[in-house]
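# only geometry, no sequence info:
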């Protein structure tokens, strides 16, 4: 019994990256998106952004790693201008 419970807990932890954002997180994500608006544009509704998307935006903002933005393009969140 404990094995299925452990597995269930692990699955919840794995799917946490895909949770939708709160209003405050969406606002923060939009402020980060504003910084890259010259190169990329948002192709989805901001309410559809996930925690994983926000983490990628934060990573780009902190480290200027273009690969994180490319991953968002591949996922269909951004489109290159």
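Received, thanks. Computed from a predicted model, the values in this text were never measured in an experiment. Residues are numbered from 1 along each chain as shown.
# Where do the strands of this structure begin and end?
40-42, 78-80 (DSSP state E).
# for the protein, what spans make up the helices?
Assigned by DSSP state H, the chain shows helices spanning 2-15, 23-34, 51-63, 66-75.
# Next, format those helices as a markdown table and append distance to residue 44, mean pLDDT and mean neighbour count.
All C-beta spots, glycine's among them, are computed from the backbone N, C-alpha and C. Compiled in a markdown table, these are given as follows (distance: least, Cβ to Cβ, whole Å; pLDDT from 0 to 100; neighbours: other Cβ atoms under 10 Å):
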| stretch | distance to residue 44 | mean pLDDT | mean neighbour count |
| --- | --- | --- | --- |
| helix 2-15 | 19 | 51 | 9 |
| helix 23-34 | 11 | 96 | 14 |
| helix 51-63 | 9 | 96 | 17 |
| helix 66-75 | 9 | 95 | 15 |
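# closest one to residue 40 among these?
Closest approach to residue 40 among these is made by helix 66-75 (6.1 Å; Cβ to Cβ).
# tilt between that closest one and helix 51-63?
Orientation check (axes from the mean of the first three to the mean of the last three Cα atoms, to 10 degrees): helix 66-75 against helix 51-63 gives 150 degrees.
# distance between helix 66-75 and the chain's centre?
Relative to the chain's own centre, helix 66-75 is displaced by 10 Å; criterion: Cα atoms, centre = their mean, to the nearest Å.
# Equivalent analysis for stretch 31-50, please.
That offset, for stretch 31-50, works out to 10 Å (Cα atoms, centre = their mean).
# nearest residue to the residue nearest the centre of the chain other than its sequence neighbours?
The residue lying closest to the centre of the chain (Cα atoms, centre = their mean) is residue 53, at 0.6 Å. Counting by Cβ to Cβ, 6 or more residues apart in numbering, residue 53 lies nearest to residue 77, which is 5.6 Å off, once chain neighbours are set aside.
# same thing with residue 21?
Spatial nearest neighbour of residue 21, chain neighbours left out: residue 49 (5.4 Å); criterion: Cβ to Cβ, 6+ apart.
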